[in-house]
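Trainee: return a 3D structure for these sequence lines:
(chains A and B)
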There are 2 protein chains.
Amino acid sequence: MAQPVLPVALERGSGISLVAQLANGVRGLVSARAIEPGARVPSIRALGADLGVARAVVEQAYDQLIAEGWLIARRGAGTYVAEVGRLQVATVPAGRDAAPADETTAGRVRMDTGTPWMDPRHDAGWRRAWREVSAARIPRGYPDAAGIPELRAELAGYVSRTRGLSCRPDEVLVTSGITHGLALLLDVLDPGAVAIEDPGYRAAVATVEQSGRPVLDVAVDSEGLDVAALRSSPAAVRAVYVTPAHQHPLGITMSAGRRIALLSEATRRGALVVEDDYDSEFRYDVAPLPALAALDRDRVIHLGSASKSVHPGLRLGWLVGPAAVVAAVAARRGARHDHPPWPVQLAFLSMLRAGHVDRLVRSARRVYADRSRLVVQALSSYGDIGSPPAGMYLTLPLPGPVADSVRAQCWQRGFDIPSLEFYSRTSGRTGLVIGFGGLTDEELSRALDVLTAALDRERLAVQPTQLDDVRDDEPDPLLARAYSSP
Amino acid sequence: MAQPVLPVALERGSGISLVAQLANGVRGLVSARAIEPGARVPSIRALGADLGVARAVVEQAYDQLIAEGWLIARRGAGTYVAEVGRLQVATVPAGRDAAPADETTAGRVRMDTGTPWMDPRHDAGWRRAWREVSAARIPRGYPDAAGIPELRAELAGYVSRTRGLSCRPDEVLVTSGITHGLALLLDVLDPGAVAIEDPGYRAAVATVEQSGRPVLDVAVDSEGLDVAALRSSPAAVRAVYVTPAHQHPLGITMSAGRRIALLSEATRRGALVVEDDYDSEFRYDVAPLPALAALDRDRVIHLGSASKSVHPGLRLGWLVGPAAVVAAVAARRGARHDHPPWPVQLAFLSMLRAGHVDRLVRSARRVYADRSRLVVQALSSYGDIGSPPAGMYLTLPLPGPVADSVRAQCWQRGFDIPSLEFYSRTSGRTGLVIGFGGLTDEELSRALDVLTAALDRERLAVQPTQLDDVRDDEPDPLLARAYSSP
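Mentor: Below you'll find the model as predicted:
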């Protein structure tokens, strides 16, 4: 196969890292269509040799571009420019909390997993909070490095009430969201790897990688993170990052047995557990399981966020942990002025006190339950969509090429649906992740029509080979391609 | 001298770094008065041996505590618990942008260098901005990783108009302040040290240290950073951080010749220059010198902040640099959701558009000019206070023990004045840094009375030894103690 050399100019000593220069160069070529979608990019080895840089430079640049969605890695088959044309440009990063629409998404409905539904009947609560900021006495100087005291106290009550995690205000630190909490925590931990669910939350992976720590990918099974796989890893693991309430992106609730096993393995290793409590508010059927942190207050650092309950643009979250950890994090971030803005803290305090957050969550929970039912009804005949009784997305496993083709068809028809492959690092899982939070009822209904039509076309395309007949002896060529490994 | 052993318990494998545990332990002992102010703490070697940890662990913990103001290092004479009792607790970090008053400062007036004066006549502009946030259409999803486009465009105009730095919106990135801009930039640079002015801005030093890069301390003379000293350093320097408009904390404006020399040295080394444009708005006499970045757009990354012009609790700043750098920074931070909150961006946009920022700056500039004159009049007979025609603080050089004693006296009488030693890493400069932004006219007037009274007492105390007589042969004991080196 031809290995085109990429026309990227690197300048040593410019002060910009070679990785960043190379990633910028490739991004420019792809976005200018100088490399066509679907084209294979040079191997890491070939490009490294051609540019005269270490393979690690190319590898890091490719990883970054894959994370951003410009490139796609096909296991054992090289790296390609994202096949769906400009789609990936629009979905950078196409993760659970993807970037906002830009020109290239214009007119398309993003079905990402990170944009919540906000009940317009409750806009008044949001507006009132900012009017309170407007009217507040303007304090002197910087806010408290751990967060404004009134908000820490209010959050301690909120976390205790909603998550069964009783804590004192000095065990709460106000953050700018889950990833910020994770970064602050990593900042005070001894060196060592961070184990993360695979498939998992891309922004958490990026946060760990940017901290300079190795990432240990650990598989997920029907009960959550595969603790046996973690146990067998020789890596020096300092922390284990999990989404126990609602695994991202598979939707699994970590079983009680698995929680105990995880804590015991973490204890054995002297590692912390970081609980990303993402989405826990949105359990439809019963009260959510208590936070994992409630089982072991010393071992588990609990991270919460207002991104899903209120708004991702608020950049407001919290970390709950031992008071000594909170103090260490606060001292360290205070020294570099990494404080959440006080107007934002004050607005969120006002929203909590006025019951705005609770109202939004209750409304959204009902909407998500209804929408989830609709999606399951429409799609369950196409694959094992499951029906986790929580959250704002569902995952439909599909062979990779089928998922790619369905995505492309939906894109043509105005819907931008993330690929499960995007969240997989080594798991090999493929399919579609269908976020149903950030759209209207009408958009969702149209999206399901478009999706089922595309899935039907794929089913017809596969029909002639008689799937059932070949399943156990010779593989269906379409499916085989998707599941082949190096 | 007795070496008391510190009763600090360290737990290995707890997941919390030994450095953080040790720092927390010592902080607890000091704040609980288990170690008395003025007491010498064990040497790094002794405590390391006692606790069975590496010397580097103790050294880092001590450095952190010194940076936070709990401990004081006396050159060649060991490390001590801050002598002025609970003073240092209140001034953590006692830097240019010090932490807010807590219980222990209650009733005292902080004369830090980071709390600006805000004209109460302009409160309406602040309030209007937040009302606009309250009324704004609530957008979907995350804000743009580089900042909301309208704000980037407005900032490009603002920087061009006020700093002679003409730039396009794609060369502007919205940050959460100067240190955040610095951290984001360091995140995309190749490994290497960062050279910083000494004395210099402590939060910048903390930011560089927390990034894991070495800090190279470079002296400052009457023209600004000593480029000859930088030139003679063999360190692999990746970036040079400077405050050319108004050196922090000495107040010097970097001369034009020194600017050229700095750029040429940075070019020779392939290093970037990071321009912290702190305080540039507050030049009293003439328009401020154009930004250093205007001389070399590729070499200099310009950092600005609304912390002094509007409010430090806003956490809003900007980075101006080549579009490729802005894009690289935005991609990297976007992947971990490190976006400034959109309500804050929107509020600041509204303040810029409505002329609120300009009005605040104009008012504050007049107030600072008047206050600066008062301070110079009151204090110029006590030392070379200089009179930089800009900013919200002045620096009075004094022998270390004199400065300590004057600080303690002022503290007793209700004023919390930072020490120049706090900003010095290797420079050995001692004195007082007198911030006059964050207080009322009455408070300033009282502060000057208290200060001059304390200085007079010190002068009387020194009188008997006839300072002038001993200056050239045998050192005055008081002064000698301050200037002694190991």
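Trainee: apart from its neighbours in sequence, what residue is nearest residue A:350?
Mentor: What sits nearest to residue A:350 in space, not counting adjacent residues and going by CB to CB, 6 or more residues apart in numbering or on different chains, is residue A:129, at 4.1 Å. Just so you know, the C-beta spots here come from the backbone N, C-alpha and C atoms, and that holds for glycine as well.
Trainee: nearest to chain B: which residue in the stretch 201-350 of chain A?
Mentor: For the stretch 201-350 of chain A, the residue closest to chain B is residue A:270, as judged by CB to the nearest CB, at 2.9 Å.
Trainee: and for that residue, the neighbour number?
Mentor: Neighbourhood size, residue A:270 [other CB atoms under 10 Å in any protein chain shown]: 17.
Trainee: correct me if wrong: it contacts residue A:299.
Mentor: No: look at residue A:270 against residue A:299 with CB atoms under 8 Å: they stay out of range, at 9.8 Å.
Trainee: ok, and the closest non-adjacent residue to the residue of the stretch 201-350 of chain A closest to chain B?
Mentor: Leaving aside its sequence neighbours, residue A:270 sits nearest to residue B:13 (CB to CB, 6+ apart; 2.9 Å).
Trainee: so that neighbour is in contact with residue A:267, correct?
Mentor: No: contact criterion CB under 8 Å: residue B:13 and residue A:267 do not qualify, at 9.3 Å.
Trainee: for the residue nearest to residue A:350, what are its contacts?
Mentor: For residue A:129, the contact set (CB atoms under 8 Å, 6 or more residues apart in numbering or on different chains) comprises A:347, A:348, A:350, A:351, A:354, A:356, B:134.
Trainee: columns distance to residue A:389 on top of these, output as CSV?
Mentor: Output for those, formatted as CSV (distance: CB to CB, whole Å):
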residue, distance to residue A:389
A:347, 31
A:348, 28
A:350, 31
A:351, 26
A:354, 29
A:356, 25
B:134, 35
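Trainee: out of those residues, which are inside helices?
Mentor: Among the contacts of residue A:129, the members falling in helices (DSSP state H) are A:347, A:348, A:350, A:351, A:356, B:134.
Trainee: which of the residues you listed sit farthest apart?
Mentor: Greatest spatial distance in the ones in helices among the contacts of residue A:129: A:348 and B:134, 14.1 Å, computed using CB to CB.
Trainee: show me which of those two is the more surrounded one.
Mentor: Neighbours were tallied for residue A:348 and for residue B:134 using other CB under 10 Å; the higher tally belongs to residue A:348 (27 against 19).
Trainee: what's near enough to touch the more buried one?
Mentor: Residue A:348 makes contacts with A:129, A:151, A:306, A:310, A:314, A:316, as judged by CB under 8 Å, 6+ apart.
Trainee: same check on residue A:189?
Mentor: A:238, A:239, A:272, B:15, B:16, B:17.
Trainee: for PyMOL, write the select line for the buried members of the residues you listed.
Mentor: Buried subset of these, written as a PyMOL selection, criterion 16 or more other CB atoms under 10 Å in any protein chain shown:
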select buried, (chain A and resi 238+239+272) or (chain B and resi 15+16+17)
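Trainee: and the next element down the chain from the helix or strand of chain A with the lowest mean pLDDT?
Mentor: Here the helix or strand of chain A ranked lowest by mean pLDDT, DSSP states H and E is helix A:87-90, holding a mean of 24. Using DSSP states H and E, the helix or strand that follows helix A:87-90 towards the C-terminus is strand A:109-110.
Trainee: any idea how far that next one is from the chain center?
Mentor: Remark: strand A:109-110 is offset 17 Å from the chain centroid, using CA atoms, centre = their mean, to the nearest Å.
Trainee: so what secondary structure elements neighbour it?
Mentor: Packing contacts for strand A:109-110, counted by 3 or more CB pairs under 8 Å, 6 or more residues apart in numbering or on different chains; DSSP states H and E, involve strand A:415-416.
Trainee: so what does the strand it packs on touch, helix or strand wise?
Mentor: strand A:109-110, helix A:441-462.
Trainee: could you rerun that using 7 Å?
Mentor: Strand A:415-416 sits against strand A:109-110, with contacts defined as 3 or more CB pairs under 7 Å, 6 or more residues apart in numbering or on different chains; DSSP states H and E.
Trainee: all strands for chain A, in order.
Mentor: Along chain A, counting by DSSP state E, strands occupy A:71-74, A:78-81, A:109-110, A:172-175, A:193-198, A:215-221, A:224-225, A:237-242, A:272-276, A:300-305, A:317-320, A:393-397, A:415-416, A:431-435.
Trainee: and the third one, which strands flank it?
Mentor: Strands that pair with strand A:109-110, judged by DSSP bridges, come out as strand A:415-416 (parallel).
Trainee: can you report how many residues lie near the residue lying closest to residue A:322 once chain neighbours are set aside?
Mentor: Leaving aside its sequence neighbours, residue A:322 sits nearest to residue A:298 (CB to CB, 6+ apart; 5.9 Å). By the other CB under 10 Å criterion, the neighbourhood of residue A:298 contains 16 residues.
Trainee: you'd agree residue A:298 is up against residue A:321?
Mentor: No: using CB atoms under 7 Å, residue A:298 is not in contact with residue A:321, being 8.6 Å away.
Trainee: what residues does stretch A:19-27 touch?
Mentor: Residues from elsewhere that reach stretch A:19-27, judged by CB atoms under 7 Å, 6 or more residues apart in numbering or on different chains: A:6, A:8, A:10-11, A:57-58, A:60-61, A:64-65, A:70, B:188, B:324, B:327-328.
Trainee: one more: stretch A:384-396?
Mentor: Here stretch A:384-396 has contacts from A:113, A:116, A:246, A:249-253, A:279, A:282-285, A:368, A:372, A:375-376, A:379, A:382-383, A:397, A:420, A:431-437, using CB under 7 Å, 6+ apart.
Trainee: repeat that for stretch A:113-120.
Mentor: A:95-98, A:249, A:308, A:311-312, A:360, A:363-364, A:367, A:392-393, A:418, A:433, A:435, A:437-438, B:138, B:140-141.
Trainee: now, of those residues, which are buried?
Mentor: Here, 16+ other CB under 10 Å leaves A:95-98, A:249, A:308, A:311-312, A:360, A:363-364, A:367, A:392-393, A:418, A:433, A:435, A:437-438, B:140-141 buried among these.
Trainee: where does the stretch 351-486 of chain A have low pLDDT?
Mentor: Confidence mapping of the stretch 351-486 of chain A against pLDDT under 70 gives the ranges A:462-486.
Trainee: around chain B, pick out the residues from it.
Mentor: Proximity of the stretch 351-486 of chain A to chain B, by CB under 7 Å from any CB of the partner chain, involves residues residue A:438.
Trainee: and the residue in the stretch 351-486 of chain A positioned nearest to chain B, backbone torsions?
Mentor: The minimum distance from the stretch 351-486 of chain A to chain B, using CB to the nearest CB, falls at residue A:438 (5.5 Å). Residue A:438 adopts backbone torsions of phi -90, psi 40, taken as degrees, to the nearest 10.
Trainee: in chain A, where is pLDDT below threshold?
Mentor: In chain A (pLDDT under 70), the answer is A:1-5, A:14-15, A:31-33, A:64, A:66-70, A:75, A:82-106, A:287-288, A:462-486.
Trainee: domain-wise, how is it divided?
Mentor: Chain A breaks down into these domains under automatic domain parsing: A:18-81, A:122-354, A:359-484.
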